[in-house]
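**Student:** got a predicted structure here, sequence first:
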Amino acid sequence: AEVVRRDITLVDASSKSVVLTVWGEDKAAAVAALEGKEGTVVQVTSCRVGDYNGCSLSSLQRSEISVAPDSEEARKLASWWSAQGATAAITPVGGDAAAARTPGGTPEAKAAARNALHGLKEVSAQPVPMNDDARPTYHNVIAVVTNVNPDQTLYYLANPETGKKVSERDGRFYEADGRVVDKASHRYVLNMRLMDSTGDAYGSAFNDEGAALMGCSADELAALKNDAPEKYARRVKAAQFTGDWAITLSSKAREYNGDRKMKHTVVSARPVNPVQDGHRLLEAIQRYC
C-alpha cells in the first residue's frame, strides 16, 4: 500500500519557517483540512528533526497534531500573525546550510556547512527518504567509539588493487568471476557504536577509516585473531573509549527485509585536534549568540 504523506509549512513569531512532513492517513487528513487556511495555529508534538533543506520536521507514530489549541501561547501566536506575521519576511530555519548544499550557495555558506558540527542525536533523527535516488547527507561530529563487537565480521580478504572480495583455494586467490589474484590483503568492513553528549549512532567503517579507528591494519588484526586470540580480543577492546574523534558521517537510506533505515558510514576519522576543533566549536557558539 502506498504510504500517505503531506507537507505543511509552519511559521512562528521568530519569522522562521520549517516544513513538516506528516505520515499516515489520519495525520495527512488533518493537514489537508488546513489547505487555504493560512494563519491557523497548529500544535505538533514529538517530531523528528532533520537537516533536509537546512532543517526539516517529520511526524512519528506518536506525534499529535492539534488545530487551534486552546492555550495562551496559541493566542499570542495568532495575535502576532494578525498584527505582523502575515506580511513579515519569512526565512527558512537553517537556510544558510541549505544554500550551501546547492550550486548557488555562497562561498561563505558552503564553508560554514562543511565545517558545521552536529550532534549524533541529529544524525539519528533525520527522516528516512522514500526515494532511492536521494543524495546522502553528511554530518561532522565529535564522538567516542563505545563499542566494537569482536564477534562480527571485521574484515574480509580482498584484491589490494580493486578492493573486491576474494576467496582462497589451494593457496591461490580468486575473485567472484574466477579471476586469479597474485596476492590478497584484509580490508576492514566493521560496525561500531559512536556516542557524544547528545546521543548515539551506529556507523560502518571501511579500510582506511577502520585502520585509523582500530589503531592497526586489518592484516595485523587478522594475524592476531589467527595466532593470538587473547591479544586479538584486547586489541578490539582497546579501540573503545580511546578519546574523542573528529568524524564525518555519510548517511543514506537502505532497505533490508522490508525495513527502511538510514545507514551511516564513516568517510573520514581523525583524533580531535584541540586547537582546530576548539575554533570550530567557538564559531558554532558565536553563530547562536
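**Tutor:** Received, thanks.
**Student:** give the residue farthest from the middle of the chain.
**Tutor:** residue 170 (43.3 Å; Cα atoms, centre = their mean).
**Student:** can you give me phi and psi for it?
**Tutor:** In terms of degrees, to the nearest 10, the main-chain angles of residue 170 are phi 60, psi 40.
**Student:** any idea how far it is from residue 229?
**Tutor:** Here the distance between residue 170 and residue 229 works out to 26 Å (Cβ to Cβ, to the nearest Å). No exception for glycine: its C-beta is placed from N, CA and C like everyone else's.
**Student:** now stretch 135-155: buried residues?
**Tutor:** Neighbour-count burial for stretch 135-155 flags 137-145, 148, 154-155 (criterion: 16 or more other Cβ atoms under 10 Å).
**Student:** repeat for stretch 224-233
**Tutor:** By neighbour count with 16+ other Cβ under 10 Å, stretch 224-233 contains the buried residues 224-225, 232.
**Student:** reformat the residues you listed into a markdown table and put secondary structure, pLDDT and distance to residue 86 next to each item.
**Tutor:** As requested, the buried residues of stretch 224-233 are exported to a markdown table (DSSP: H, G, I helix; E, B strand; the rest coil; pLDDT from 0 to 100; distance: Cβ to Cβ, whole Å):
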| residue | secondary structure | pLDDT | distance to residue 86 |
| --- | --- | --- | --- |
| 224 | helix | 95 | 67 |
| 225 | helix | 94 | 67 |
| 232 | helix | 95 | 66 |
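**Student:** list just the nearest of these to residue 215.
**Tutor:** residue 224 (11.8 Å; Cβ to Cβ).
**Student:** and that closest one, what does it touch?
**Tutor:** The contact partners of residue 224, taken as Cβ atoms under 8 Å, 6 or more residues apart in numbering, are 231-232, 235.
**Student:** how many other residues sit next to residue 173?
**Tutor:** Other residues lying near residue 173 total 18 when counted by other Cβ atoms under 10 Å.
**Student:** about what we covered before: now tabulate the contacts of residue 224 in JSON lines and tack on distance to residue 93.
**Tutor:** As requested, those are exported to JSON lines (distance: Cβ to Cβ, whole Å):
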{"residue": "231", "distance to residue 93": "51"}
{"residue": "232", "distance to residue 93": "48"}
{"residue": "235", "distance to residue 93": "45"}
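**Student:** bridging residues for residue 6?
**Tutor:** Assessed by DSSP bridges, residue 6 has beta-bridge partners residue 22.
**Student:** can you tell me how far it is from residue 134?
**Tutor:** Distance from residue 6 to residue 134, by Cβ to Cβ: 18 Å.
**Student:** of the two, which one has the most company?
**Tutor:** The residue with more neighbours, out of residue 6 and residue 134, is residue 6; 19 against 12, by other Cβ under 10 Å.
**Student:** once you drop chain neighbours, what's closest to residue 78?
**Tutor:** In space, and not counting its chain neighbours, residue 78 is closest to residue 41: 5.3 Å by Cβ to Cβ, 6 or more residues apart in numbering.
**Student:** does residue 140 really touch residue 116, like I thought?
**Tutor:** Yes - using Cβ atoms under 8 Å, residue 140 is in contact with residue 116, at 6.4 Å.
**Student:** hang on, the earlier thing: got CSV for the buried residues of stretch 135-155, with distance to residue 64, pLDDT and secondary structure too?
**Tutor:** Listed next are the buried residues of stretch 135-155 as CSV, based on distance: Cβ to Cβ, whole Å; pLDDT from 0 to 100; DSSP: H, G, I helix; E, B strand; the rest coil:
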residue, distance to residue 64, pLDDT, secondary structure
137, 27, 87, strand
138, 32, 88, strand
139, 28, 89, strand
140, 33, 89, strand
141, 31, 91, strand
142, 34, 91, strand
143, 32, 93, strand
144, 35, 94, strand
145, 37, 96, strand
148, 39, 95, coil
154, 43, 94, coil
155, 47, 94, strand
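**Student:** what's stretch 27-37 in contact with?
**Tutor:** Residues external to stretch 27-37 that are found in contact with it (Cβ under 8 Å, 6+ apart): 4-6, 8, 22, 40, 42, 59, 63, 65, 67.
**Student:** in ChimeraX, select just the buried ones from those residues.
**Tutor:** A single ChimeraX command is used to select the members of those judged buried by 16+ other Cβ under 10 Å:
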select :6,8,22,42,59,63,65
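**Student:** lowest pLDDT pick from the contacts of stretch 27-37?
**Tutor:** Taken together, the contacts of stretch 27-37 show their lowest pLDDT at residue 4, with 70.
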